[in-house]
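Colleague: Below are the sequence and a predicted model; questions follow.
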Amino acid sequence: MARFDRRGLPLSTSSDLAAGRYRDGIDLLLSAWPGAAEALEEAIAADPGFALAHAARAR
């Protein structure tokens, strides 16, 4: 089953938790609220191979 971002684009993870925490992290990042880094770290912990979460965390 594919996971999607808030815009309906597919995410390259098979983890529901990683996808959810990625969406949360991006929402926080774009709104300039604290907690984005932590949410993205949780996405990476849930799926260490989720490259998009790594890229967002580096940002």
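Modeller: Structure received. Here the structure is a predicted model, which means the values were calculated and not measured.
Colleague: any chance you could read off phi and psi for Phe4?
Modeller: phi -130, psi 150 (degrees, to the nearest 10).
Colleague: okay but Asp5 is in contact with Tyr22, surely?
Modeller: Yes - the criterion here is C-beta atoms under 8 Å, and Asp5 meets it with Tyr22 at 7.5 Å. Glycine gets a C-beta too; all of them are placed from N, C-alpha and C.
Colleague: joint contacts of these two?
Modeller: Common contacts of Asp5 and Tyr22 (C-beta atoms under 8 Å, 6 or more residues apart in numbering): Leu11.
Colleague: Comparing the two, which residue is more hemmed in?
Modeller: Set side by side, Asp5 and Tyr22 show more neighbours around Tyr22, with 28 against 13, by other C-beta atoms under 10 Å.
Colleague: these two touch, right, the more buried one and Glu41?
Modeller: No - using C-beta under 8 Å, Tyr22 is not in contact with Glu41, being 10.8 Å away.
Colleague: Okay, Ala31 and Ala45: tell me how far apart.
Modeller: I think there's a mix-up here, since residue 31 is Ser and not Ala. 23 Å (C-beta to C-beta, to the nearest Å).
Colleague: Poorly predicted segments of the protein, please.
Modeller: 1 (pLDDT under 70).
Colleague: what about the helices in it?
Modeller: Counting by DSSP state H, one finds helices in the chain at the ranges 16-31, 36-46, 51-58.
Colleague: Which one of those helices lies nearest to Leu9?
Modeller: helix 51-58 (9.9 Å; C-beta to C-beta).
Colleague: who's in contact with the closest one?
Modeller: With contact meaning C-beta under 8 Å, 6+ apart, helix 51-58 is reached by 11-13, 18, 21-22, 25-26, 29, 37, 40-41, 43-44, 47.
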